[in-house]
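> Using only what follows, build the 3D model:
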Amino acid sequence: MNDSRNNPSAGQNALQHFMQGAGGRRLVFFLFAWLFLGLYNSEFLYKIQQFNLFIGHDRLFLANLTQQQGGLLVYAGRYLTQFFYFPLVGALMAAALLSLLELAVAHMARLQGYKSLLHFLPSMLLLLAQTTTGYYLYLHWEPSFPFVAEIGMLLVVGALALYRRTAGKPVLRAATALLLPVAVYAVSGSFAWIVLCGMALETWRTGQRSPAVFPTLLMAVSLAGCITAGYRLFFAGGHAMLFRPLPDAGFIEPFGITLLAVLATIWLTARRSTGAALKPAAVPATGWRPLLITAVGCAVTAFASYRDANFRTELRLQRLFEQQAWDMMVETADQVKHPTRTISAYRAMALAYSSTYSLGDNFFDFNFDYLPVKCRKEVPERMLYFADFELCAAVPNSAFRWNAEYAAQYGFRPATLKAMTMAALVNRELDLATKYLKILNQTTFHKIWALKTTHYLNDIHTLYDVPFYRDIIDRMPSEDTIEDFNGITHLFSYIGEDAEMYERALVTALYYKRIDTFCAKLGQLPGSLAQNMPVYFQEAVAFAGLSVDPSYLEKYDIPAVVLSNVREFQRQLNATENWEDAKHDLKAQFGRTIPYYMVFSEAADYNFPETGTGTILY
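Predicted coordinates for the structure are as follows:
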């Protein structure tokens, strides 16, 4: 007897036989799902778990979830979503469930030849639905959806397999038709509708249409409808209850693709048969061609997913902000040719705290012709970075506002709780910070951050040793009043004791194209900065003097070369009749100057909603 360990050719033949068979295709799909989620979509997975608060030992948390439609399934999904804290680990679990779903569908469908490749269709569609979420993530999206969809579909296939085993037994089939959807509904909510549809199609296609079956199915439908109607009476937004915990129909791409996965599962698992006996096991296609087709299917899935580069960059910047990796944030943002406003906002925050990059020298060296967010629903970009911006702004009573506005509107999330904790600490509201840390300490992975942060409660003065928080505390106004929140203004506007603070305030005025404000504040410059005025300040004064008020040129000694360049810019601008042509033609020569920014940039056109009343600091 030949041992494959002593016969290399036998081992190679065994490997080749495995790769050309169903095992090879399953291995390819599993590796693709794991790496596509865990590597390419790693920042997306990490962001999902930032929105997923799971407190396993809290009875109230369990009660709140289980009272919802499909609450037990959501509870299980949220537990598994925690592991996206380590994207490769969470992706491994998600890929395993998708592969298990393919095995379950293959066991039910038993397609033969090349048709057996269709066994992968539901799993690929579910994977696609998960990766088309995009900016929906910020619109009251259920973070446990990836695991909810996978476990829910496994429950559906298992329920249909159980129903199939009742073929030829009318009484047992009728009892199963009555009780099974109700049981599935109690665990998984709207997945019961899928089970009902699958049972009806199975009954119709197999010819097992006994008189008792259809009335029983009707009773099950009526019962599930009554339960759903009851939820609509007692919960706001009841129109979405019919689909929970599946995505709301308003989330077009994830809902539509999930619906296709449901239809594919029902179609594959409900076979046509002339009797109660099961079909023989499938004879799968073999060879390299089926393996290649599977690989092409994986590639199509990746291509059809939401692959917006700016969205992934924003998620990356948010994670770097949490790590306070300011230099990496600047470098990441500078690699983007056509950014969104969110990317620009994070870059501004990073420049304000970076020890390597200069705020003034690098702030305007950026493309401010922003691309809009790619989403079918309206997503206010301010909400994408509101949490981090609020902390940087050091607005008075920020901890109170976190609790009263942000958390109440979007729900408690680990990311929110962390920012609320730090906002409470910089405001010296230790009791509030203690409350948030206690909640985080009950989580599986975020308690690591909570334990590192707890030492600030014992000695709040150590918070001042961290440059980032020291800068925030130094810039906090002394009066205990709630002020307007006007985006980037609060980040740079507070006038401190040193030249760097003055520079930030002036840069803010230029960013919003408030040239009068800039010139008014210029008179407050410390002597050291006034004598060594940066070039971009000189350009701003020259632009103001030649465009607004000539007296500005009399107050400051602007080099002749700067005046000449600004005059040349205005001359060429006036000589060009077409605005778009001027924008394009002047960019090469003047694209990195204040005059060009003032005339062509759209950076200041976005109006931030106000969140309070009072006096703005600019």
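
> burial measure for Asn427, as a count.
A count of neighbours around Asn427, defined by other C-beta atoms under 10 Å, yields 21. Every C-beta, even on glycine, is put in place using the N, C-alpha and C of the backbone.

> how close does it sit to Met328?
Asn427 sits 28 Å away from Met328, going by C-beta to C-beta, to the nearest Å.

> and what of Leu72?
With C-beta to C-beta as the criterion, Leu72 and Met328 are 41 Å apart.

> Repeat that for Gln112.
Distance, Gln112 to Met328, by C-beta to C-beta: 53 Å.

> Give me the distance from stretch 418-430 to the chain's centre.
The chain centre lies 24 Å from the centre of stretch 418-430; the measure is C-alpha atoms, centre = their mean, to the nearest Å.

> Setting aside sequence neighbours, what's the nearest residue to the residue nearest the centre of the chain?
Closest to where the C-alpha atoms of the chain average out (C-alpha atoms, centre = their mean) is Leu137, at 4.6 Å. Leaving aside its chain neighbours, Leu137 sits nearest to Lys47 (6.5 Å; criterion: C-beta to C-beta, 6 or more residues apart in numbering).

> I'd say that neighbour and Leu317 touch.
No. Taking contacts as C-beta atoms under 8 Å, Lys47 lies outside contact range of Leu317: 11.2 Å.

> And stretch 523-538, end to end?
End-to-end distance for stretch 523-538, by C-alpha to C-alpha, to the nearest Å: 13 Å.

> re the thing from before, where's the residue nearest to Leu137, which helix or strand?
Take DSSP states H and E as the rule and Lys47 turns out to sit in helix 42-50.

> Which element is encountered next along the chain beyond that helix?
For helix 42-50, the succeeding helix or strand toward the C-terminus, using DSSP H and E, is helix 59-66.

> Run the chain-centre distance for the helix holding Lys47.
Taking C-alpha atoms, centre = their mean, the mean C-alpha location of helix 42-50 is offset from the chain mean by 7 Å.

> same thing with stretch 187-207?
33 Å.

> Average pLDDT for it, rounded please.
Stretch 187-207 shows a mean pLDDT of 80.

> go on, stretch 523-539?
Stretch 523-539 shows a mean pLDDT of 68.

> low-confidence ranges in the stretch 101-250 of the chain?
206-243, 249 (pLDDT under 70).

> residue ranges of the helices in it, please?
Taking DSSP state H, counting those that start in this stretch as the test, the helices found in the stretch 101-250 of the chain are 121-130, 145-164, 170-188, 191-206, 213-234.

> how about those, which one is nearest Phe363?
Nearest to Phe363, of all the helices of the stretch 101-250 of the chain, is helix 121-130, at 37.5 Å by C-beta to C-beta.

> Just want the angle from the closest one to helix 145-164.
Interaxial angle of helix 121-130 relative to helix 145-164 (axes from the mean of the first three to the mean of the last three C-alpha atoms, to 10 degrees): 160 degrees.

> helices and strands around helix 121-130, which ones?
Counting contacts by 3 or more C-beta pairs under 8 Å, 6 or more residues apart in numbering; DSSP states H and E, helix 121-130 is packed against helix 22-35, helix 87-109, helix 145-164, helix 252-269, helix 288-304.

> measure Arg382 to Phe389 for me?
Distance of Arg382 to Phe389, given as C-beta to C-beta: 8 Å.

> Those two: who's more crowded?
Using other C-beta under 10 Å as the criterion, Arg382 and Phe389 rank with Phe389 on top: 23 against 18.

> Quick check, pLDDT for the more buried one.
Looking at Phe389, its pLDDT stands at 71.

> what about it, which helix or strand?
In this assignment (DSSP H and E), Phe389 forms part of helix 382-393.

> Show me the shaky parts of the stretch 501-618 of the chain.
The stretch 501-618 of the chain contains residues with pLDDT under 70 at 501-504, 524-532, 602-618.

> before we move on, the earlier item: what does the helix holding Lys47 contact?
For helix 42-50, contacts defined as C-beta atoms under 8 Å, 6 or more residues apart in numbering pick out 37-38, 81-85, 87-88, 90-91, 131, 133, 137, 143, 146, 312, 315-316, 318-319, 413-415, 445.

> how about 7 Å then?
Contact with helix 42-50 is made by 37, 81-82, 84-85, 87, 90-91, 137, 143, 312, 315-316, 318-319, 413-415, as judged by C-beta atoms under 7 Å, 6 or more residues apart in numbering.

> which stretches of the stretch 251-400 of the chain have low pLDDT?
271-285, 360-361, 386-387, 390-400.

> run the last query once more with 80
The stretch 251-400 of the chain contains residues with pLDDT under 80 at 270-287, 352, 355, 358-369, 380-400.

> pretty sure Val507 is in a strand, no?
No. Val507 is assigned helix when assessed by DSSP: H, G, I helix; E, B strand; the rest coil, not a strand.

> Please renumber the chain so that the first residue is 2 from this point on.
Let's use 2 as the start, then, which means that last one is Val508.

> how near is it to Leu523?
In this view, Val508 and Leu523 are 12 Å apart by C-beta to C-beta.

> Neighbour count for the two, which is higher?
More crowded of Val508 and Leu523, by other C-beta under 10 Å: Val508, with 26 against 21.

> is it true that that one touches Phe364?
Yes. Under the criterion of C-beta atoms under 7 Å, Val508 makes contact with Phe364 at 5.6 Å.

> neighbours around Arg568, how many?
Arg568, neighbours per other C-beta under 10 Å, totals 13.

> Go ahead and produce CSV holding the CA coordinates of the helix holding Lys48.
Presented in CSV, the C-alpha positions along helix 43-51 are these (Å, rounded to 0.1, in the frame of the first residue of the first chain):
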residue,chain,number,x,y,z
SER,A,43,-11.4,46.0,7.9
GLU,A,44,-12.1,49.6,8.7
PHE,A,45,-15.8,49.1,7.9
LEU,A,46,-16.0,46.1,10.3
TYR,A,47,-14.2,48.1,13.0
LYS,A,48,-16.7,50.9,12.6
ILE,A,49,-19.6,48.6,12.8
GLN,A,50,-18.5,47.3,16.2
GLN,A,51,-18.0,50.9,17.3
